[in-house]
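In: give me a 3D structure for the following:
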Amino acid sequence: MATQLQTSSTSTDQTGRLKAALEPAESHQSDLMLTKLIERGFVVPDSIDPDMAPELYAEVLCGKPIAAMRRVFENLRLGRYERYRSFLPKPAELSAMIDEAARHDREMLVLERERQKAVEERRRLTRQMSEEERERRRKKAAAVRAMLAKAAAARMVKEETDER
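Out: As a prediction, this is how the structure comes out:
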């Protein structure tokens, strides 16, 4: 029972972390990340007016998931995107990069929810089983294991005989 509570708690924590990762960033958070990259030497592309850059980037970053945005900005800072080692991606490219990173978080949240449903379904079905049914199933499983062990032993004896 303690394991079930621990699993449920851990599962709830994981779901909470995944939901938090998908929360939209506030405008000041995206501005800070963009400013840090510019301070580290990243250049705004020539096709973008430097005076309009903050507004253009703020427009596409508005409402993007914070965790995905942090990952993309960190990867940019560390030079993990070969195309963008010295200049910022255009706003639309940056938006697409963040969307791609957020897709993983969304998929993980869906998987975690499906896993939670399966655990709850398993728990519900287990609770409905009577003690007699559990005992009957244990005996049946033990009989199957014994039968498999006997078959494996017979096979080994036959293989040893064939080798001689």
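
In: so for Leu37, what's the pLDDT?
Out: We note a pLDDT of 86 for Leu37 in this prediction.

In: host element of the spatially closest residue to Arg70 that is not a sequence neighbour?
Out: Using Cβ to Cβ, 6 or more residues apart in numbering and skipping residues adjacent in sequence, the residue nearest Arg70 is Met33, 7.2 Å away. In this view, the C-beta of every residue, glycine as well, is placed from N, C-alpha and C. Assigning secondary structure by DSSP states H and E places Met33 in helix 27-39.

In: remind me what the helix or strand that that helix is followed by packs against, helices and strands.
Out: Counting by DSSP H and E, the element after helix 27-39 in chain order, helix or strand, is helix 53-61. On a contact count with 3 or more Cβ pairs under 8 Å, 6 or more residues apart in numbering; DSSP states H and E, helix 53-61 meets helix 27-39, helix 91-128.

In: what's the separation between the residue most central in space within the chain and Arg70?
Out: Centroid-nearest residue in the chain, with Cα atoms, centre = their mean: Met108, separated by 3.5 Å. Taking Cβ to Cβ, to the nearest Å as the measure, Met108 falls 16 Å from Arg70.

In: can you check Arg83 too?
Out: Distance from Arg83 to Arg70, counting by Cβ to Cβ: 20 Å.
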